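Student: Have a look at this fold, sequence not included:
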């Protein structure tokens, strides 16, 4: 069991997202976490460059990369189930916490403190975690766009609710990303290259 953290990490590719939705293209949590890490990094860069922030963009990417790793143990709980009630949410948070503890126990003891903040927010990371949450939602929005572009109307309501949730975050760097980068996801490869 010891030192199996990265072997477990590699299993993220086996956990599919959007389990209750018909997908034209499957998405796993490994792919999703890569997207979240890239977007969280970009959001921190936008905050620093455009809004005078002083965020560690690489740390935002680190947090995004590992944010869904506990789902190797818990599975990807569909949003309607996860947020069905406050009691359900509290119980699921307990399960997630146990999964995080289990994953950390798979690292050598001298490395655990470094990775702990990827599972349990560290002091000073609050804003970065807000960006990771925004990046998580943006990744979901992009998935909805891709599915809609493929003719899958199943994702229309998810698109609407996800976009609304993102806009309600009231983060200027998120608004910039939505305005400047998300429109390209509606384009074909040829249109993106021109």
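Tutor: Great, that's in hand. What you see is a predicted model; the values in this text were computed from it and never measured.
Student: wait, isn't residue 56 in contact with residue 45?
Tutor: No: here residue 56 does not reach residue 45: they are 10.6 Å apart, not a contact under CB atoms under 8 Å. Any C-beta I mention is one placed from the backbone N, CA and C, and that applies to glycine too.
Student: pLDDT weak spots in the protein?
Tutor: The chain contains residues with pLDDT under 70 at 1, 77-84.
Student: quick one, helices of it?
Tutor: For the chain, the helices defined by DSSP state H occupy 5-9, 29-51, 57-66, 71-74, 79-82, 86-104, 109-116, 126-149, 156-167, 172-180, 189-193.
Student: For those, give me TSV that also has distance to residue 15 and mean neighbour count.
Tutor: What follows is these, written out as TSV (distance: least, CB to CB, whole Å; neighbours: other CB atoms under 10 Å):
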stretch	distance to residue 15	mean neighbour count
helix 5-9	11	13
helix 29-51	5	20
helix 57-66	14	22
helix 71-74	5	18
helix 79-82	15	12
helix 86-104	12	14
helix 109-116	19	12
helix 126-149	15	21
helix 156-167	19	15
helix 172-180	26	16
helix 189-193	28	8
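Student: Figure out which of these is closest to residue 22.
Tutor: Ranking those by proximity to residue 22 (CB to CB) places helix 126-149 first, at 8.8 Å.
Student: starting at the chain centroid, how far to that closest one?
Tutor: Remark: helix 126-149 is offset 6 Å from the chain centroid, using CA atoms, centre = their mean, to the nearest Å.
Student: again with stretch 47-54
Tutor: Worked out by CA atoms, centre = their mean, stretch 47-54 lies 22 Å from the chain centre.
Student: Equivalent analysis for stretch 178-185, please.
Tutor: For stretch 178-185, the distance to the chain centre is 18 Å (CA atoms, centre = their mean).
Student: Ends of it, what's the gap?
Tutor: Stretch 178-185 has an end-to-end distance of 11 Å (criterion: CA to CA, to the nearest Å).
Student: if I pick residue 132, what's in contact with it?
Tutor: 36, 40, 60, 63, 64, 67 (CB atoms under 8 Å, 6 or more residues apart in numbering).
Student: again, but for residue 135
Tutor: 35, 36, 37, 39, 40, 43, 60, 64.
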